[in-house]
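Enquirer: need the 3D shape of this:
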Amino acid sequence: MTMRQDVHDELRARLHEAAEAHEPDRARILARIERGMAGQDRAAGHRASRPPLWGWARIVGATAAVAGMLAVGGYAVASAVKDDPPRPQTVAVSPPPVESPSATSRPPASPSATPGGSAGAEEEPAGPSSSPPSTAEPTPSAPPAVTLLPPNDDDDDGPLWSDGSIDPHSNDFWAQSNVTVRAKQEVTALTVQLRIAQTGGVSSTGAWRSLPEDDFTLTVTEQDGSLVYTWVLKEGRTLAAGEWVFAGQYDHDRGGRDAEDDSYVIAGEADGEERSLGGDFAVHDDDA
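Expert: Numbers count the residues shown, from 1 in each chain. All right, here's what the predicted structure looks like:
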């Protein structure tokens, strides 16, 4: 049963392909009709007794027979493949024609006379720019200007006392310089400036203070051959009496670094008077 089914399916497929590929040879059919008509005209001279109507009847009959055979053949092929579902058809669609740029561009404006000049100058048509829009990069804001405070060798000024030291955790590649400020009463204004001499490879790696970060503005610059850290107490902020540390951290060339040229300066206000302190990073006695 399976073999017969396969044979039937194969026959049906071939008939289906033959039906799609079949194209009636119309030119050949018409040529046969014309030859038949010409033969009838030649025979009419020898057999005049045959009525002309009979010749036309033969032509019509031959045409009907050919049409009948084509119809029967098409019906047989259609009956054999009528159970097959129609194949999906693909239609090739040609792309739409591409218009040339000149067909869509705006024509140039007609010449017109300028208010104070001569006529005849053509105005350039406005069109899309071929260059991409410029995107201006934001200019980085410059750091606030820092004024170097004048050196001061006094580490004690009334209610304020100060000291400079190198943090013991410093090593052959990195160091931290500490400025300690001690106040005996409230401070209403304070600026701490730390200067690290450029002894080779000195570059900032950070800074911190033991007071709230939001109370101060920090600036790090390089001036006069030194790396300068400046902490400024914001306007309206005050500091209670106590002891605070301001630290600058930095890399340097390998080996023990000499801090002889490092210094710090402090300007503040306490007890209603301006105070000024300063010093270096040598060992100081705590005589406060």
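Enquirer: after the worst-scoring helix or strand of the chain on mean pLDDT comes which helix or strand?
Expert: Lowest mean confidence among the helices and strands of the chain (mean pLDDT, DSSP states H and E): helix 101-104, at a mean of 40. Later in the chain than helix 101-104, the nearest helix or strand by DSSP states H and E is strand 156-157.
Enquirer: avg pLDDT for that next one?
Expert: Taken as a whole, strand 156-157 has a mean pLDDT of 86.
Enquirer: so what strands line up beside that strand?
Expert: strand 160-166 (antiparallel) (DSSP bridges).
Enquirer: quick one: the helices in the chain, in order.
Expert: For the chain, the helices defined by DSSP state H occupy 2-21, 26-46, 52-80, 101-104.
Enquirer: quick one: average pLDDT of the second one?
Expert: Per-residue confidence for helix 26-46 averages out to 69 on the pLDDT scale.
Enquirer: ok, now stretch 220-233?
Expert: 96.
Enquirer: and the spatially closest residue to residue 176 that is not a sequence neighbour, what does it touch?
Expert: Leaving aside its sequence neighbours, residue 176 sits nearest to residue 167 (C-beta to C-beta, 6 or more residues apart in numbering; 3.8 Å). Backbone N, C-alpha and C define where each C-beta goes, glycine included. Contact analysis of residue 167 by C-beta atoms under 8 Å, 6 or more residues apart in numbering lists 175-178, 247.
Enquirer: measure residue 167 to residue 220 for me?
Expert: 18 Å (C-beta to C-beta, to the nearest Å).
Enquirer: now swap in residue 231 and tell me
Expert: 10 Å.
Enquirer: who's in contact with residue 182?
Expert: Counted by C-beta under 8 Å, 6+ apart, residue 182 has contacts 160-162, 242-244, 288.
Enquirer: residue contacts, the closest residue to residue 261 other than its chain neighbours?
Expert: Closest residue in space to residue 261, ignoring its immediate chain neighbours: residue 197 at 3.7 Å, by C-beta to C-beta, 6+ apart. Contacts for residue 197 were tallied using C-beta under 8 Å, 6+ apart; they are 225-226, 259-262.
Enquirer: most neighbours, which of those?
Expert: Within the contacts of residue 197, most neighbours by other C-beta atoms under 10 Å means residue 262, with 23 neighbours.
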